[in-house]
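**Q** Quick check, what structure comes out for this input:
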Amino acid sequence: MSNNYNEIVVIDLEATCWSTPEETALNVSEIIEIGVCILDVITGEIKNQKGLIIQPRESKISPFCVELTGITQDMVDSGMKFDEAIKVLKKEYGVSRRMMGAWGNYDQNMLLKECARCDIKSPFGPTYLNISAIATLKLKANRRLGVSEALEMFGLKFEGRQHRGVDDAFNTARLLREILK
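**A** The predicted model follows:
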């Protein structure tokens with residue numbers, strides 16, 4: 001199957017997190033949501049927006065994590081396993097044949113780390129876009145911007161809840177669409 005460079009898969013991850021460095025050191029940070037959508041570069045349409053809720057293998061959802069993301073222990077308990085989420089990314093989003101992008105490098109690094117931890121061959125294609133770096137250049141900012149701040153500089157408002165992967169991915173795709181205009 002050939003590569004499709006007319007569509008970019010935009011992702012945003014949420015992972016288990018804790019309020020203090022001590023708690024963080026005692027726990028394993030695991031992906032609990034993969035927010036994903038596709039930006040059609042030709043039409044500007046953002047489609048197939050989805051939040052894949054994932055069961056962590058070792059960690060539990062802390063009160064801090066619930067407050068930050070809105071993702072609860074009950075939600076992840078009824079979520080899918082990480083390998084099932086990877087199958088969705090491959091089948092429904094074609095991640096091996098499309099460019100993939102996210103806000104910064106964390107998401108790509110965390111996905112690769114989680115694939116290695118779960119003994120899953122990385123399904124991701126060779127092209128990764130750091131949309132934060134591209135936005136910094138486009139906006140001529142002298143520092144790294146957050147998604148909300150970059151949206152405001154384009155005259156847009158954040159839609160949805162911050163720190164929910166599904167909403168962060170959608171807003172990141174909106175930013176990329178503005179950058180590509």
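
**Q** contacts, neighbours, all on C-alpha from now
**A** Will do.

**Q** Tell me the secondary structure of Val28, please.
**A** coil (DSSP: H, G, I helix; E, B strand; the rest coil).

**Q** what residue ranges in this structure score low on pLDDT?
**A** 1-2 (pLDDT under 70).

**Q** Does the residue in the chain sticking out farthest from the centre lie in a helix or a strand, and which?
**A** Here the chain reaches farthest from its C-alpha mean at Glu22, the gap being 25.8 Å by C-alpha atoms, centre = their mean. Assigned by DSSP states H and E, Glu22 falls within helix 21-26.

**Q** just Arg144 next, same as before
**A** Using DSSP H and E, Arg144 maps to neither a helix nor a strand.

**Q** Phi, psi for Met153 please.
**A** phi -70, psi -20 (degrees, to the nearest 10).

**Q** count of residues packed around it?
**A** A count of nearby residues for Met153, using other C-alpha atoms under 10 Å, gives 13.

**Q** Give the buried residues for the lengthiest strand in the chain.
**A** If you go by DSSP state E, the chain has its longest strand at strand 4-15. Buried residues in strand 4-15, counted by 16 or more other C-alpha atoms under 10 Å: 7-15.

**Q** I'd like to know which elements that strand is packed against.
**A** Judged by 3 or more C-alpha pairs under 8 Å, 6 or more residues apart in numbering; DSSP states H and E, strand 4-15 is in contact with strand 31-40, strand 98-102, helix 106-117, helix 165-180.

**Q** check contacts around Ile42.
**A** By C-alpha atoms under 8 Å, 6 or more residues apart in numbering, the contact list for Ile42 reads Asn6.

**Q** How much space separates it from Glu84?
**A** For Ile42, the distance to Glu84 (C-alpha to C-alpha, to the nearest Å) stands at 30 Å.

**Q** before we move on, what about Ala169?
**A** Ala169 is 19 Å from Glu84, by C-alpha to C-alpha.

**Q** repeat for Glu23
**A** Separation of Glu23 from Glu84 (C-alpha to C-alpha): 28 Å.

**Q** try Met75
**A** Taken as C-alpha to C-alpha, the span from Met75 to Glu84 is 16 Å.

**Q** Lys140 now?
**A** On the measure of C-alpha to C-alpha, Lys140 and Glu84 end up 40 Å apart.

**Q** So which of these two has more stuff around it?
**A** Glu84 (13 against 9).
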